[in-house]
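Novice: Output the structure for:
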Amino acid sequence: MRQSGDLPAAADAFDRATRAAPDNPKAWNELGQVDLDLGRAPQAVEALKKSIALAPEAPQPHNGLGIVLAQSGSFPAAEAEFREAIRIFPGYGEAHGNLAGVLDLERDLPQALYEFDLAVRISPEDANTHFNYGAVLSREKRFDDARAQMQAAVEANPNFAEAHEMLGRFYEQQGKIDDALREYQAAVRVRPDMSQAQLDLGAMLAKKGDIAGATEHLRLAAAAADPTLRQIALQLLEQLRAKP
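Specialist: Numbering: from 1, shown residues only. Below is the predicted model:
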């Protein structure tokens, strides 16, 4: 049920499982992971701590608890849980990636980059870690390395709209217009509601002289919840209308 996306049903099923077998650490871990997916942090913490108490050498509950703690801003405690998960299972790519994210938030960039590199080497199929690594590299102006991580993200998950959009920006900065257009189009194909990508695509089409295409995408961007994006889209639409 969790795999099918029916998280409330999965939560009910695992809740029943923990009631039927309260000493089953796997059931508590699964319940905690579902609560985490549902955004029910207090319930997730309770379930994951029970799983850890029953099976302290299982790495997954430590990783899950670290995620909840990181989401609440408890970075040192989250770091400790991720490190414990890695101590138990050094090849746990997701935990290395999560540790990297926390270390970056704690402003330990060298160690964060080290952990990101370990994570993508261990789990090259993990699109989210490639994306997060790429975002940090981009922030540090290591654009070639960042582009490589975004490319790896879309190869791992072709429907990763945010990674396509970031790739589009990298290509646009390099003047590779056709490549940028391809990535922006891929982003909005997956996520038509992605206003930033609609804006980027519309602006680029306008530069290429495709007024009809630019207008279509800028109108979609003008419906953005973000007032800044909305204002930029409306300004670009006004400039298109003013063209002879």
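
Novice: The protein: helices as residue ranges?
Specialist: For the chain, helices defined by DSSP state H occupy the ranges 7-20, 25-37, 41-54, 59-71, 75-88, 93-105, 109-122, 127-139, 143-156, 161-173, 177-190, 195-207, 211-221, 227-242.

Novice: would TSV of these with mean neighbour count and mean pLDDT be doable?
Specialist: For the C-beta atoms, the positions are set from N, CA and C on the backbone; glycine is no exception. Putting these into TSV (neighbours: other CB atoms under 10 Å; pLDDT from 0 to 100) gives the following:
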stretch	mean neighbour count	mean pLDDT
helix 7-20	16	87
helix 25-37	23	93
helix 41-54	19	96
helix 59-71	24	97
helix 75-88	19	98
helix 93-105	24	98
helix 109-122	18	98
helix 127-139	22	97
helix 143-156	19	97
helix 161-173	22	96
helix 177-190	19	96
helix 195-207	22	94
helix 211-221	18	94
helix 227-242	14	92
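
Novice: what's stretch 9-29 in contact with?
Specialist: Residues from elsewhere that reach stretch 9-29, judged by CB atoms under 8 Å, 6 or more residues apart in numbering: 1-2, 30-31, 34-35, 38, 47-48, 50-52, 54-55, 58, 60-61, 64.

Novice: Repeat the analysis, applying 7 Å as the threshold.
Specialist: For stretch 9-29, contacts defined as CB atoms under 7 Å, 6 or more residues apart in numbering pick out 1-2, 30-31, 34-35, 38, 47-48, 50-51, 54-55, 58, 60-61, 64.

Novice: what's the answer for stretch 161-181, then?
Specialist: Under the criterion CB under 7 Å, 6+ apart, residues 127, 131, 134, 143, 146-147, 150-151, 153-154, 183-184, 186-187, 190-191, 194, 196-197, 200, 204 lie in contact with stretch 161-181.

Novice: Centre of the chain to it, how far?
Specialist: How far stretch 161-181 lies from its chain's middle: 18 Å, per CA atoms, centre = their mean, to the nearest Å.

Novice: Stretch 182-196 now?
Specialist: That offset, for stretch 182-196, works out to 16 Å (CA atoms, centre = their mean).

Novice: Good, wrapping up.
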